[in-house]
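> What follows is a predicted structure for the sequence shown.
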Amino acid sequence: IVYPKAKSSFFIDEKKYCLRYDTIRITNLSVSSTGQLWTIGKDSFNTKNLLWLPSDSGDFVIKLNTFSTFGCKDSTSKTIKILPSSKGLFISDKMSGCEDLKISFSNSSTHADKFVWDFDNGTKVVNRDPVYTFTTAGTFNVKLIAINNNGCPNDTFIKQVNVYSLPDANFSLNKDAECG
């Protein structure tokens, strides 16, 4: 007796996928199969259809092995690309102090091509590692927008800066009486 061979097939959108933003939906279109095993890198799954959230960027081979009731096997594979998404991050030499507070910002963002800083006082600059002086007292939410040119979403990182007023040094002298 000749049994029909399982025929492995699956559908995945041919599009750009972005790390941390896209869940990959894979639809099993196999024929004459009663079981399946998906492999992506070191991960294995045995569900009929698959939702996969990548944990890294790069090229990934998605392989589908199918099995029939009679032990017949087939497999197919496709390669997809997961693009890196920007991740905004910075540190600074200080986060508080008296006006005029000069701060050096050190950008440690990843997978970004352009950086826009918003100092929450109407000033924006495009620079990797700016040095900025806050000239008025207040609380400012400094934003770094990390922009990636590959089409994946931008990422924004925010830290608060506190600028304190300078003390008002003032005094007056009252003489009680004239000396001699």
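Sure thing, it's come through. Please read these numbers as outputs of a predicted model, since none were measured by experiment.
> now the residue most central in space within the chain, nearest residue through space, not along the chain?
Closest residue to the average C-alpha location of the chain: Lys87 at 3.8 Å, with C-alpha atoms, centre = their mean. If the residues on either side of it in the chain are set aside, Lys87 comes closest to Thr110, at 4.8 Å by C-beta to C-beta, 6 or more residues apart in numbering. Any C-beta I mention is one placed from the backbone N, CA and C, and that applies to glycine too.
> same deal with Leu37?
Distance criterion C-beta to C-beta, 6+ apart; nearest residue to Leu37, sequence neighbours excluded, is Asn65 at 4.6 Å.
> Check which helices and strands the helix or strand containing that neighbour sits against.
Using DSSP states H and E, Asn65 sits within strand 58-67. Identification of packing neighbours for strand 58-67 by 3 or more C-beta pairs under 8 Å, 6 or more residues apart in numbering; DSSP states H and E yields strand 10-12, strand 35-40, strand 73-83.
> mind listing what's buried in the second one?
In this case it means strand 35-40. Residues Gln36, Trp38, Ile40 are the ones in strand 35-40 that count as buried (16 or more other C-beta atoms under 10 Å).
> is the first one in a bridge, and if so with what?
This points to Gln36. Note on Gln36: beta-bridge partners Thr66, judged by DSSP bridges.
> per-residue pLDDT, it?
On pLDDT, Gln36 comes in at 94.
> That one and Lys48 touch, don't they?
Yes. Counting by C-beta atoms under 8 Å, Gln36 does reach Lys48; the two are 6.6 Å apart.
> Common neighbours of these two, please.
Asn28 (C-beta atoms under 8 Å, 6 or more residues apart in numbering).
> From Asn65, how far out is Gly35?
9 Å (C-beta to C-beta, to the nearest Å).
> and if you look at Ser85?
Going from Ser85 to Asn65 by C-beta to C-beta gives 31 Å.
> More neighbours: which of the two?
More neighbours surround Ser85 than the other of Ser85 and Asn65, with 23 against 20 (other C-beta atoms under 10 Å).
> hang on, isn't the more buried one packed against Cys18?
Yes. Counting by C-beta under 8 Å, Ser85 touches Cys18, with 4.9 Å between them.
> Common neighbours of the two, please.
Between them, Ser85 and Cys18 share the contacting residues Cys152, Pro153, judged by C-beta under 8 Å, 6+ apart.
> Might one say that the residue nearest to Lys87 is in contact with Leu89?
Yes. The criterion here is C-beta under 8 Å, and Thr110 meets it with Leu89 at 7.5 Å.
> who touches both of the two?
Common contact partners of Thr110 and Leu89 (C-beta under 8 Å, 6+ apart): Ala146.
> And the two? Which one has more around it.
Taking other C-beta under 10 Å, Thr110 and Leu89 do not tie; Leu89 has more neighbours (16 against 13).
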